[in-house]
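Enquirer: sequence first, predicted model second:
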Amino acid sequence: NVDGRITQPGWVDASGKQVYLASWDPSVTINNFRPARSSVDSLAFVTQSYFLNQRIAVSYGRRRDDVQIEQTPSLAGEVDWNFDRLVRGDLPWTTVKSETPRNDIKSIVMHPISWISLSYAQSSTQQVRAEVRRNLDGSVAKLGSGIGKDYGITLRWKNLLSLRVSKYENSAVGAISSLRNASPTPTVSSLGNQIIATIAALERTVQMTSPNFDPNDPTRVDPALLSTKYAPFQQAVATILRTGNAAGGSINSVYDVLSDTVAEGYEVTIIGNPTPNWRISVTGSKNTASEANIGVQHLDFIKERLPVWGSAQFIDQPIPQTGQAGTKIRAVLEVAALNWNYVRMSEGILSNNQRTYRATATTRYAFNRGRLKGSFVGANYLWRSPAAVAYRRIAITDNPFVIPGVAARSIEVYDPTDPIRGGALTSFDVFLGYQRRLFKDKVQWRTQLNIRNVLNRDDLLVQRALSTGQGAIFTPQEPRSFILTNTFSF
C-alpha cells in the first residue's frame with residue numbers, strides 16, 4: 001500500500017479488523033530488500049513407558065523435518081508490493097537450503113528406593129534457520145547443530161528436606177561467536193574490534209582506491225585484487241558497499257563469525273521445610289564455556305589480505321565509511337591486530353566474560369490461621385561472581401598478523417587468560433502477598449507486592465576497565481522499585 005503497510009483484501013481477524021503483515025516508512029527508499037520463503041514438512045513421534053510399578057520412566061521422541069529455503073534477487077525496484085505475487089508468483093526463486101534435520105530426545109528417571117531419584121536426559125538438535133549465513137568462500141555455513149546431556153540425583157527425607165545435584169554438558173556447531181565483537185580491544189572510528197565490519201571496510205577501501213576502479217561501475221572489482229578462495233565475499237562487499245558505506249546486516253549477519261561451543265555446569269539445590277508453612281531453598285551453580293574453530297575463514301582471509309591492506313599503495317588510504325580523512329587503513333590495522341590476536345588466543349580456553357559462580361537463596365512463610373490467614377511473606381537473595389571487565393597485556397613473539405611498520409612478529413596484546421574482574425553482582429528483594437477465593441470459590445484471587453533492591457544499593461558497577469585495572473565504563477544499579485500484581489484464576 002502507498003501508506004507503507006503490507007496487506008491484502010480479505011486479511012481480517014475474527015472481529016473484521018484489517019490485518020497487516022508488515023509496515024515501513026514509505027518516505028524512505030527501500031534498499032537491498034532480499035525476501036526469502038521457506039516450507040517445512042514435519043513428522044514427530046513421542047512415547048513414554050513405565051516399568052517396575054512406575055519405578056522407572058523412559059521417554060523417547062524424534063522429529064524429522066523436510067526444509068526448503070529459497071531466496072529471490074533484490075526487489076528494490078518493486079512498485080506495487082503485492083505480497084501475494086511475491087510469495088506465489090513467478091519470481092526467480094533459487095533454492096539455497098534443502099535439508100532434513102532430525103531432533104531426538106531421550107530420558108530415563110529411576111526411583112530405586114523411596115528417598116532417591118536418578119535421572120538422565122539427552123537431546124540432539126539440528127536447526128535450519130530461515131536466514132542464510134555464508135562462509136567467506138560463498139558456501140552455506142552449517143548452523144545450530146548440537147548435543148545436550150543432563151544428569152541428576154535427588155535425595156529426600158520425608159517432606160522436610162531434599163537435595164538435588166545435577167550436571168549438564170552442551171556442545172554446538174555453528175553458533176554465533178561471542179568474539180564477533182571482542183570487547184577488551186580498542187577501536188578507531190568504530191572499527192578494529194568488530195571482525196566483519198572491519199575487514200569489509202578495509203577491503204572496500206582497497207577496491208575503491210585501486211587504479212582500475214571505475215566509479216561508473218562501482219560493483220566491478222579489479223581482477224588483480226580478487227582472491228582465488230574468497231572472491232564471493234569480496235564481490236558481496238563491492239555490491240552491497242558500493243559507495244563505501246558502513247557494513248550493515250547484509251554483510252555483518254550473512255558473513256557472521258561462527259564457532260563451535262562447549263559448555264558445562266553443575267548445580268546444587270537444597271530445599272527445607274522447617275514447618276508446613278515455612279520453605280527455604282538455596283541454589284548454587286558453576287558454569288563454564290569455551291569456543292573452538294572461531295572464525296576460521298575470517299582469520300585465514302585476514303592473513304591472505306594483510307600484504308595488500310598493509311602495502312605502501314593502500315596503507316595510508318582514508319577509509320570512506322568513517323567520513324574522516326584522518327582515519328586511514330594504517331590506524332585501523334594497528335588496533336585490529338590486537339583484536340585478531342585476542343580472538344586467536346581465545347581458542348579453546350574457558351571464557352572469562354561470564355559470571356562463573358551463582359547462588360540464590362529464597363525463603364517464604366505462609367499464614368493459614370488467624371487474621372493473617374491467606375497472606376505470605378518472603379525474601380530472595382541473589383549473588384553472581386565477578387566477570388572480566390578488562391585483560392592485562394602480554395608480550396608474544398608469534399604474531400601471525402605481521403604488518404610492516406605497524407605490527408611486528410613480537411607484539412604486546414591482551415591476554416584472554418589473565419582477566420581483571422569487576423565486582424560481584426548482588427540483589428536483595430522481598431515480597432509479600434495475599435490470596436483467597438471469591439464468588440463462592442469459583443475465582444482464585446492473588447495479589448503480590450515485590451520490592452526489588454529493597455536496600456536501595458546505588459553503587460556503580462564496573463562494565464569495562466583499562467588494562468591497568470582502572471575503571472573506564474560504569475553503570476548504575478537499578479534503584480529500589482515496587483511491583484504490584486493481581487492475578488485472577490478461574
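Expert: Now that the structure is in, tell me what you want to look at. Residues are numbered from 1 along each chain as shown.

Enquirer: which residues touch the residue located most distally from the centre of the chain?
Expert: When each C-alpha in the chain is compared with the mean C-alpha position (Cα atoms, centre = their mean), Gly370 comes out farthest, at 50.6 Å. The neighbours of Gly370, taking Cβ atoms under 8 Å, 6 or more residues apart in numbering as the test, come to nothing; the list is empty. No exception for glycine: its C-beta is placed from N, CA and C like everyone else's.

Enquirer: need the longest helix for the chain.
Expert: Using DSSP state H, we find that the single longest helix of the chain is helix 329-345.

Enquirer: could you give the mean pLDDT of it?
Expert: Mean pLDDT, taken over the full extent of helix 329-345, equals 94.

Enquirer: ok, now stretch 425-443?
Expert: Averaged across stretch 425-443, pLDDT comes to 92.

Enquirer: coming back round to it: only alpha carbons, please: show the longest helix of the chain as CSV.
Expert: These are the backbone C-alpha positions of helix 329-345, laid out as CSV (Å, rounded to 0.1, in the frame of the first residue of the first chain):
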residue,chain,number,x,y,z
ILE,A,329,43.9,1.9,6.9
ARG,A,330,47.1,2.1,9.0
ALA,A,331,45.3,3.3,12.1
VAL,A,332,42.6,0.6,11.8
LEU,A,333,45.2,-2.1,11.3
GLU,A,334,47.1,-1.1,14.4
VAL,A,335,44.1,-1.7,16.7
ALA,A,336,42.6,-4.6,14.6
ALA,A,337,45.8,-6.6,15.1
LEU,A,338,45.2,-6.6,18.8
ASN,A,339,41.7,-7.9,18.3
TRP,A,340,42.7,-10.6,15.9
ASN,A,341,45.3,-11.9,18.3
TYR,A,342,42.9,-11.8,21.2
VAL,A,343,40.4,-13.9,19.2
ARG,A,344,43.2,-16.3,18.1
MET,A,345,44.4,-16.7,21.7
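
Enquirer: that helix - contacts with which helices or strands?
Expert: Other helices and strands packing on helix 329-345, by 3 or more Cβ pairs under 8 Å, 6 or more residues apart in numbering; DSSP states H and E, are helix 195-209, helix 296-309, strand 388-396, strand 411-421.

Enquirer: check which strands are paired with the third one and give the direction for each one.
Expert: Strand 388-396 has the following sheet partners, assigned by DSSP bridges: strand 411-421 (antiparallel).

Enquirer: for the record, mean pLDDT for the strand it pairs with?
Expert: In this model, strand 411-421 has an average pLDDT of 91.

Enquirer: check the offset of it from the chain's centre.
Expert: On the basis of Cα atoms, centre = their mean, to the nearest Å, the separation between the geometric centre of strand 411-421 and that of its chain is 23 Å.

Enquirer: CA atoms of the following helix or strand past that strand as PDB?
Expert: Toward the C-terminal end, the helix or strand that comes next after strand 411-421 (DSSP states H and E) is strand 425-438. Listed next in PDB are the C-alpha coordinates belonging to strand 425-438 (Å, rounded to 0.1, in the frame of the first residue of the first chain):
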ATOM      1  CA  LEU A 425      26.500  -8.800  41.300                       C
ATOM      2  CA  THR A 426      24.100  -8.900  44.300                       C
ATOM      3  CA  SER A 427      20.500  -8.300  44.800                       C
ATOM      4  CA  PHE A 428      18.200  -8.500  47.900                       C
ATOM      5  CA  ASP A 429      14.400  -8.500  47.200                       C
ATOM      6  CA  VAL A 430      11.400  -9.000  49.400                       C
ATOM      7  CA  PHE A 431       7.800  -9.900  48.600                       C
ATOM      8  CA  LEU A 432       4.500 -10.200  50.400                       C
ATOM      9  CA  GLY A 433       1.000 -11.100  49.200                       C
ATOM     10  CA  TYR A 434      -2.400 -12.400  49.900                       C
ATOM     11  CA  GLN A 435      -4.700 -14.900  48.300                       C
ATOM     12  CA  ARG A 436      -8.300 -16.100  48.700                       C
ATOM     13  CA  ARG A 437     -11.200 -17.500  46.800                       C
ATOM     14  CA  LEU A 438     -14.100 -15.200  45.600                       C
END
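
Enquirer: in strand 425-438, what's buried?
Expert: Of all the residues in strand 425-438, those buried under the rule 16 or more other Cβ atoms under 10 Å are 427-433.

Enquirer: lowest confidence element among the helices and strands of the protein?
Expert: helix 83-88 (a mean of 58; mean pLDDT, DSSP states H and E).

Enquirer: if we can go back for a sec, centre of the chain to the longest helix of the chain, how far?
Expert: 23 Å.

Enquirer: what average pLDDT does the helix or strand just after that helix get?
Expert: Once helix 329-345 ends, the next helix or strand along the chain (criterion: DSSP H and E) is strand 357-366. Taken as a whole, strand 357-366 has an average pLDDT of 97.

Enquirer: what's the answer for stretch 153-167, then?
Expert: When pLDDT is averaged along stretch 153-167, the result is 96.

Enquirer: name the nearest residue to Ser427, ignoring sequence neighbours.
Expert: Leu382 (4.4 Å; Cβ to Cβ, 6 or more residues apart in numbering).

Enquirer: which secondary structure element contains the one you found?
Expert: Element membership for Leu382, per DSSP H and E: strand 375-384.

Enquirer: by contact count, what packs against that strand?
Expert: For strand 375-384, where contacts count as 3+ Cβ pairs under 8 Å, 6+ apart, the packed elements are strand 357-366, strand 425-438.

Enquirer: Throw those strands into JSON lines and include distance to Asp459, thanks.
Expert: As requested, the helices and strands packed on strand 375-384 are exported to JSON lines (distance: least, Cβ to Cβ, whole Å):
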{"stretch": "strand 357-366", "distance to Asp459": "19"}
{"stretch": "strand 425-438", "distance to Asp459": "10"}
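
Enquirer: show me what contacts Gln297?
Expert: Contacts were defined as Cβ under 8 Å, 6+ apart; by that measure Gln297 touches 135-137, 230.
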